[in-house]
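Chemist: coords below, sequence missing:
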């Protein structure tokens, strides 16, 4: 088996992992998906003000692609209206980060964690 090579964008976002961490507070919604036992687990924390994402953080256990995509998603989310769909679609993220088709399930875990965080943030906003 040959070692995995990563494109420049994946290497850049993986190395910096901007957006890594947690948020706390009354306006923060947290959602997670996946399993460490299965090799991929992702959590997003979203702080929302007036239906816009004011802060986003992530924790992830997974391959460099997973961590890089999570970092990019938190960056893209800032200032946007809160939506259940990712700030950039799965197909676009897969192409940008050159994610092999056999790792598509990891991107779906990212998408599921995002959806769970959005739902939690909306519940917090309604309370």
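Modeler: Structure received. A quick note: this is a predicted structure, and the numbers were derived from the prediction, not measured.
Chemist: ok, and the closest non-adjacent residue to the spatially most central residue of the chain?
Modeler: Most central in the chain under C-alpha atoms, centre = their mean is residue 70, positioned 3.4 Å from the mean C-alpha point. Once flanking residues are discounted, residue 70 sits nearest to residue 58: 4.2 Å by C-beta to C-beta, 6 or more residues apart in numbering. From N, CA and C alone the C-beta is placed, and that goes for glycine too.
Chemist: What is the neighbour count of that neighbour?
Modeler: Using other C-beta atoms under 10 Å, residue 58 has 28 neighbouring residues.
Chemist: how about it, what does it touch?
Modeler: By C-beta atoms under 8 Å, 6 or more residues apart in numbering, residue 58 lies in contact with 19, 20, 21, 42, 43, 44, 45, 70, 71, 73, 74, 113.
Chemist: how far does the helix or strand hosting the fifth one sit from the chain's center?
Modeler: Using DSSP states H and E, residue 43 sits in strand 40-49. Offset of strand 40-49 from its chain centre (C-alpha atoms, centre = their mean, to the nearest Å): 7 Å.
Chemist: I'd like to know which elements it is packed against.
Modeler: The contact analysis (3 or more C-beta pairs under 8 Å, 6 or more residues apart in numbering; DSSP states H and E) places strand 40-49 against strand 28-35, strand 52-61, helix 64-77, helix 104-126.
Chemist: Thanks a lot, see you next time.
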